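1. Sequence and predicted structure below; questions after.
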Amino acid sequence: MSEKKLLFVLLLFGFYASAQIKGVVKDSLSGEPIPYVNIWVENESIGTTSEENGSFSLDIKEEKVLVFSALGYESKKLSSKNELILLKPKVFELKEVVVSSAKKNKTIKVNSFKKNKIKVFYGAGAEPTIIAKKIEPTDQIIKHPYLKEINFISLCQLEKAKLVLRFFEIDADGKPGDDYLGENIIIIIKKGQNLNKLNLEKYNIRIPDKGFFIAFEFLTIEENKYTFKNTQELDGKIIKKEFVYFEPVIGTTPTENQNSYQYTKGIWYKRGKFSNVDKLTAYQNKFGELAIELILTN
């Protein structure tokens, strides 16, 4: 990765060290392994994601409290001494809904962007994270509430990497709340900078009247791992350090409005503004939001 490109990818870099603990996450009822579980050391910037077989490892040298979070399961806190983690499936309270389907006689685009204007990318770095963009209702969205397709820009150094698309309700505080869609949508991201067009018609997703969040969950799994060396000067000496982060990263656009949240350390928080001294003029003293174009139908 070039030095120039590094400047534009906003990540939480960390050093790579061999894991000290290992475990596996399983469904408490079926006994089946649970992939892509978000795992954090409580109140610390240390975390990982379970692999497809439910296994995980962390560089922890002493006993800690781990926080486990996954779509469709109750969150759980356990000591890091536990090698077998059993998560209980969530019991969802049924809500009164009006069942309907899209007429599909008119399609519109919302939140369009230009590919060549994408200069800043968000990703996980060395820690699992979810980045969410609030979609608030407008007259256009209310008249065309069905989500047909989303388009977004990705950048990836590997031949391919995995990403999870999720949707969240807006809670009473305006933050991401419960999952809006009860299943993970796994996306395969290819190498290079690409425009991704993801058709979602089969999910029949209707944007609720108060809006919702569209989110990308970045996975710190082995197949997403990217390692590189960077030369730095420290106390007058030139040293080479090895860094690890996890692909891919997703393009953003600058905005005056604060509508992006990030899930890290087991909590949601608002993403802040770029500094007015940042070199990227278009982003100075503005917020960065995921560049997601919506294709909607009625």
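-> Perfect, thanks for sending it.
2. so Glu223 sits in a helix?
-> Yes. Assessed by DSSP: H, G, I helix; E, B strand; the rest coil, Glu223 belongs to a helix.
3. who's in contact with it?
-> Leu158, Ala161, Lys162 (CB atoms under 8 Å, 6 or more residues apart in numbering). All C-beta spots, glycine's among them, are computed from the backbone N, C-alpha and C.
4. Then Asn53?
-> Val24, Pro33, Pro35.
5. Inside strands: which ones of those?
-> Here DSSP state E is the test, and the contacts of Asn53 give Val24 as lying in strands.
6. Switch the contacts of Asn53 over to a markdown table; also include pLDDT, distance to Ile214 and neighbour count.
-> Formatted as a markdown table, the contacts of Asn53 follow (pLDDT from 0 to 100; distance: CB to CB, whole Å; neighbours: other CB atoms under 10 Å):
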| residue | pLDDT | distance to Ile214 | neighbour count |
| --- | --- | --- | --- |
| Val24 | 96 | 31 | 17 |
| Pro33 | 96 | 28 | 16 |
| Pro35 | 95 | 21 | 20 |
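7. could the contacts of Asn53 go into CSV alongside distance to Lys119?
-> CSV is the format used below for those (distance: CB to CB, whole Å):
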residue, distance to Lys119
Val24, 41
Pro33, 40
Pro35, 33
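8. wait, which of the contacts of Asn53 is closest to Lys114?
-> Nearest to Lys114 among these, counting by CB to CB, is Pro35 at 35.5 Å.
9. returning to that earlier point: counting neighbours, which of the contacts of Glu223 comes out on top?
-> Ranked by neighbour count (other CB atoms under 10 Å), the contacts of Glu223 have Ala161 at the top, with 25 neighbours.
10. Distance check, it against Asn151.
-> The gap separating Ala161 from Asn151 is 18 Å, by CB to CB, to the nearest Å.
11. so is the closest residue in space to Ile185 that isn't next to it in sequence in a helix, a strand, or just coil?
-> The spatial neighbour of Ile185 that comes closest, neighbours along the chain excluded (CB to CB, 6 or more residues apart in numbering), is Leu165 at 4.1 Å. Of the three states, Leu165 takes strand under three-state DSSP.
12. Report pLDDT for Leu165.
-> Looking at Leu165, its pLDDT reads 96.
13. show me where the stretch 1-150 of the chain has helices.
-> Along the stretch 1-150 of the chain, counting by DSSP state H, counting those that start in this stretch, helices occupy 3-7, 139-143.
14. Surely Trp40 touches Phe56?
-> No. Trp40 is beyond contact range of Phe56, at 11.2 Å (criterion: CB atoms under 8 Å).
15. Neighbour count: these two, which is higher?
-> With neighbours defined as other CB under 10 Å, Trp40 and Phe56 compare such that Trp40 has more, 26 against 23.
16. Distance of the more buried one relative to Pro128?
-> With distances taken as CB to CB, Trp40 is found 7 Å from Pro128.
17. Which neighbours do those two have in common?
-> By CB under 8 Å, 6+ apart, the residues touching both Trp40 and Pro128 are Gly47, Thr264.
18. burial measure for Leu294, as a count.
-> When neighbours are counted by other CB under 10 Å, Leu294 comes out with 21.
19. Quick one: distance of stretch 114-130 to the chain centre.
-> How far stretch 114-130 lies from its chain's middle: 10 Å, per CA atoms, centre = their mean, to the nearest Å.
20. Ok, stretch 170-187 next?
-> On CA atoms, centre = their mean, the centre of stretch 170-187 falls 12 Å from the chain's centre.
21. now the end-to-end length of that stretch.
-> Stretch 170-187 has an end-to-end distance of 23 Å (criterion: CA to CA, to the nearest Å).
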